[in-house]
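Asker: just the structure for this:
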Amino acid sequence: MDRKPPVKTGIARIWAAFFYSLDGLRHAILNEAAFRQEVFIVVIASIALLFLPLSFAWKGLLFFATASLLVVELLNSAIESVVDMVSPEYHDLAKRAKDLGSAAVFVSIVIALVLWCCAIFTILQDAPK
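Answerer: Numbering: from 1, shown residues only. The predicted model follows:
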């Protein structure tokens, strides 16, 4: 069994937390296909935002909604990892936890899509006829 690392405090804790976060991102990129796909979508959407004729507020809202998908996916992956550790065999509660994490990702995708559709509608409404 793995031993717990010694407790860090102050700047050392902040510095260590930074590298723990980088380890988590590296793991997600290397091992989570859904995360890689969503990173690709966020990069493409962010580039598209640079060229869309939208206000700064719209662009900020769309970037936040799209990028928050990555946060939700990371949390979902964390939930799945913990569930797999504590319940390697099938259990209804383990399935429920995983399904709820997946639902959170789905809801964040729907929110982003609705906002993107509203933004595109706004662009089309403002286009010269």
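Asker: please go through the chain and pick out the longest helix.
Answerer: Counting by DSSP state H, the longest helix found in the chain is helix 92-126.
Asker: for that helix, which positions count as buried?
Answerer: Neighbour-count burial for helix 92-126 flags 94, 97-98, 101, 105, 108-109, 112, 115-116, 119 (criterion: 16 or more other Cβ atoms under 10 Å). Placement of C-beta: from N, CA and C, glycine included.
Asker: against which helices or strands is that helix packed?
Answerer: Contacts defined by 3 or more Cβ pairs under 8 Å, 6 or more residues apart in numbering; DSSP states H and E place helix 92-126 against helix 56-86.
Asker: average pLDDT across the helix it packs on?
Answerer: For helix 56-86, the mean pLDDT works out to 97.
Asker: still on that earlier bit, tell me which of the buried residues of helix 92-126 is nearest to L61?
Answerer: Distance to L61, by Cβ to Cβ, is smallest for L115 among those, at 6.3 Å.
Asker: mind listing what's buried along stretch 23-33?
Answerer: Buried residues in stretch 23-33, counted by 16+ other Cβ under 10 Å: 28, 32.
Asker: I misspoke; the intended subject was stretch 45-60.
Answerer: Buried-residue list, stretch 45-60, by 16+ other Cβ under 10 Å: 45, 49, 54, 58.
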